[in-house]
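Peer 1: This is a predicted model, with the sequence first.
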Amino acid sequence: MLINRVFQGLLLAVLFIAVSIQPVLSAEFVAIKSKKTILYEGPSDSTSKEFIVTESYPLKVLVKLKDWTKVKDHEGKISWVKVQDTSNERTVMTLKSNVIVFYKPSFSSVKLADVGKYVALKLLSPIQADGWIEVKTLTQNIEGFIRVQDVWGI
């Protein structure tokens with residue numbers, strides 16, 4: 001009986017730790033849903049306008065407020081965006097030119113598309129398989145696999 005209670009207590013402690021560190025292990029991202037969106041220095045329209053980002057641009061969430069989200073971009077710049085201008089749809093952005101979309105997660109697979117630098121792609125699954133993720137191009141609706149190291153937003 002005592003061993004059973006000790007085991008239950010240990011199991012609860014392990015579950016608590018796992019739930020507590022989960023947000024650290026998986027980053028939250030948002031995507032821009034408007035054609036053009038302004039990123040601000042602070043959580044107010046009266047703060048300086050930092051720069052403009054375009055539709056589907058992925059941003060890493062740092063802090064969420066009611067109407068504003070503090071975010072980080074692919075260059076590490078921190079700014080604020082209005083919640084109404086974001087979507088929970090997951091996207092990634094290519095970091096180099098000539099990113100190849102493959103039919104299967106293998107360099108020997110059929111090449112489906114060649115994507116340029118700083119192009120947003122829809123993330124179909126955030127699960128990585130040996131360094132590959134499944135994506136879909138936004139303009140031609142081509143689905144395939146790319147290397148995680150070639151994108152930002154995971």
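Peer 2: Received it, and whenever you're ready, just let me know what you need.
Peer 1: residues in contact with Lys77?
Peer 2: Lys77 makes contact with Glu50 under the criterion Cβ atoms under 8 Å, 6 or more residues apart in numbering. Yep, even glycine has a C-beta here, placed from its N, CA and C like the rest.
Peer 1: Equivalent analysis for Lys117, please.
Peer 2: Thr94, Leu95, Lys96, Ser97, Val99.
Peer 1: give me that answer again for 6 Å
Peer 2: If you count contacts by Cβ atoms under 6 Å, 6 or more residues apart in numbering, Lys117 has them with Thr94, Lys96, Ser97.
Peer 1: how about the nearest residue to it, chain neighbours excluded?
Peer 2: Leaving aside its chain neighbours, Lys117 sits nearest to Ser97 (4.6 Å; criterion: Cβ to Cβ, 6 or more residues apart in numbering).
Peer 1: can you tell me how far the one you found sits from Lys111?
Peer 2: Taken as Cβ to Cβ, to the nearest Å, the spacing of Ser97 relative to Lys111 amounts to 15 Å.
Peer 1: same deal with Glu89?
Peer 2: Relative to Lys111, Glu89 is positioned 26 Å away (Cβ to Cβ).
Peer 1: With neighbour numbers in mind, choose between the two.
Peer 2: Neighbours per residue, other Cβ atoms under 10 Å: of Glu89 and Lys111, the larger number sits with Glu89, 14 against 11.
Peer 1: Just give the nearest non-adjacent residue to that one, would you?
Peer 2: Nearest residue to Glu89 in three dimensions, chain neighbours excluded: Ala31, at 5.1 Å (Cβ to Cβ, 6+ apart).
Peer 1: Help me confirm that that neighbour comes into contact with Thr91.
Peer 2: Yes. Counting by Cβ atoms under 6 Å, Ala31 sits close enough to Thr91 to count as a contact (4.4 Å).
Peer 1: Alright, calling it a day.
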